[in-house]
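Trainee: Predicted coordinates and the sequence they were generated for:
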Amino acid sequence: MTYSETLDYLYSKLPMFTRVGAVAFKKDLHNTVAMCQALGNPQQKFKTIHVGGTNGKGSTSHMLAAILQKAGYKTGLYTSPHLKDFRERIRVNGKMVSKPFVTHFVREQRALIESLEPSFFEVTVAMAFSYFEQQKVDVAIIEVGLGGRLDSTNIIHPDLSVITNISLDHTNMLGHTLKEIAFEKAGIIKKDTPVVIGERHPETDPVFFTKATETNSPLFFAQDHWHAANIGQKGNYLSLSIYKNKELFFEKLTLDLTGSYQLKNVLTVAAAIEQLKKLNYLISDEAVYHALKNVKKITGLQGRWQILQKAPLIICDTGHNLAGIAEVLKNIQNTPHKQLHMVIGMVKDKDISGVLALLPKDARYYFSQPALERAMPAAELAAQAKMLGLKGKVFDQVKEALNAAKAAAVAEDLIFIGGSTFVVAEVI
């Protein structure tokens, strides 16, 4: 089996959420437990930090990984989905898992895979744990795939659980209210394990209090004590100072993730670092400063308010639900431009009408569709958008839509590409 054949096997034989949606979601942990038991429970051989939440969990995971790496820890990082390369999901000290390991793992475990019939995600979780054990990592940042309680990653017993925030997303699987979704996310809170919650909300706070009481888990809301001040743009960096209550913790910090929504994420990270220090992790201020200035370089993170070109300015972002798009629009409003061009595509199982209702009517739209089964056909997206007063043209491919936007734009314009992680994946 070559590496290419291995990927074909994984993509074609296993149910894959990113391709087919909810039918690939297994509502129990049986397969992951069985696979990991057959592998000798590799997830028990290293320390972990579990990161969940609706938005910001990817950025938060990458920031934490960068900081721990710069603090001297050999750091694993498991995230999903990938944008360009399957191996983005599994990294050690920022370096992607090797192709030979992926091929060897699937070849060695093929009989087990075919007997259990796991999902694509269940196999990649087991693969990541196995790789982190082989590489003898000191600690691994494990990002939840979907939800938390029944997510395949939820067989770990982390040193710290982190939940960034709760908003409406994947409602067909996680529930139709914030309270129901919070219940699923709170499933990663473990017995006697501290948990950091990024943002408060009156509907979700009681859920976290109840779960933390049940598990005897110290509970900390970052929003209660941490805040940012002296916020500004400094070249290609976001500049800020971080306070806990009235005490200055990090003065003139620079962050290479410049979306304004990263202000919430970096405060969650600061609260998490404080808890890790209480657990005897040795993390210097110098490691924090260096890591946050170089998150993208250290970890390979892409697609977060990422500038692809200037004159005209072209920016992409993976925000794809109501809360994520609302944050994107704040950034667009704060970015000087003459005319806004929006290259947009979405997947069928999102709140499409809700997202479209948020979008500005004075933008020029280029409706497209990412190349996967879950994609909303561009013509259907355009028809829904037209009913809400959004006008534009329809394109079969994302790159075709982007080329049309480039042709129409002048140097002072802004071209934004987004609506789905998978749209962004086709342009970076």
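Mentor: Good, I have the coordinates.

Trainee: What is the burial count for residue 339?
Mentor: 15 (other Cβ atoms under 10 Å). Backbone N, C-alpha and C define where each C-beta goes, glycine included.

Trainee: measure it to residue 360 for me?
Mentor: Distance, residue 339 to residue 360, by Cβ to Cβ, to the nearest Å: 11 Å.

Trainee: now residue 417
Mentor: According to Cβ to Cβ, residue 417 stands 15 Å off from residue 360.

Trainee: Looking at these two, which is more packed in?
Mentor: Using other Cβ under 10 Å as the criterion, residue 417 and residue 360 rank with residue 417 on top: 28 against 13.

Trainee: ok, now which ones touch that one?
Mentor: Applying Cβ atoms under 8 Å, 6 or more residues apart in numbering, one finds that residue 417 lies in contact with 308, 314-317, 342-344, 398, 402, 423-424, 427.

Trainee: repeat that with 10 Å
Mentor: Neighbour list for residue 417: 303, 306, 308, 314-317, 341-345, 366, 368, 398, 401-402, 405, 423-424, 426-428 [criterion: Cβ atoms under 10 Å, 6 or more residues apart in numbering].

Trainee: Same check on residue 204?
Mentor: By Cβ under 10 Å, 6+ apart, residue 204 lies in contact with 163, 165-167, 177-183, 185-186, 197.

Trainee: same thing but 7 Å
Mentor: Contact analysis of residue 204 by Cβ atoms under 7 Å, 6 or more residues apart in numbering lists 166, 178-179, 182.

Trainee: ok so residue 130 is a helix residue?
Mentor: Yes: under DSSP: H, G, I helix; E, B strand; the rest coil, residue 130 falls within a helix.

Trainee: Any idea how many residues pack against it?
Mentor: Residues lying near residue 130 (other Cβ under 10 Å) number 24.

Trainee: do the same with residue 248
Mentor: Counted with other Cβ under 10 Å, the neighbours of residue 248 add up to 10.

Trainee: now swap in the one 3 residues further on and tell me
Mentor: Using other Cβ under 10 Å as the criterion, residue 251 is surrounded by 13 other residues.

Trainee: how close does it get to residue 242?
Mentor: Residue 251 is 8 Å from residue 242, by Cβ to Cβ.

Trainee: Also residue 206?
Mentor: Going from residue 206 to residue 242 by Cβ to Cβ gives 28 Å.

Trainee: Have a look at those two and say which one is more surrounded.
Mentor: Applying other Cβ under 10 Å to residue 206 and residue 242 shows that residue 242 carries more neighbours, namely 23 against 12.

Trainee: Hmm, residue 270 and that one touching each other?
Mentor: Yes: counting by Cβ atoms under 7 Å, residue 242 touches residue 270, with 5.3 Å between them.

Trainee: Please report how far the residue lying closest to residue 227 once chain neighbours are set aside lies from residue 225.
Mentor: Once flanking residues are discounted, residue 227 sits nearest to residue 243: 5.5 Å by Cβ to Cβ, 6 or more residues apart in numbering. Applying Cβ to Cβ, the value for residue 243 to residue 225 is 9 Å.

Trainee: Those two: which is more packed in?
Mentor: The residue with more neighbours, out of residue 243 and residue 225, is residue 243; 19 against 15, by other Cβ under 10 Å.

Trainee: Which strand residues bridge that one?
Mentor: Counting by DSSP bridges, residue 243 is bridged to residue 227, residue 248.

Trainee: for it, what are its contacts?
Mentor: The contact partners of residue 243, by Cβ under 7 Å, 6+ apart, come to 227, 229, 249.

Trainee: where does the protein have low pLDDT?
Mentor: Where the chain drops to pLDDT under 70, the residues are 15-26, 168-173.

Trainee: any idea which residue sits dead centre in it?
Mentor: residue 58 (2.8 Å; Cα atoms, centre = their mean).

Trainee: For the helix or strand harbouring residue 286, buried residues please.
Mentor: Element membership for residue 286 (DSSP states H and E) is helix 285-293. By neighbour count on 16 or more other Cβ atoms under 10 Å, the buried set for helix 285-293 is 287-293.
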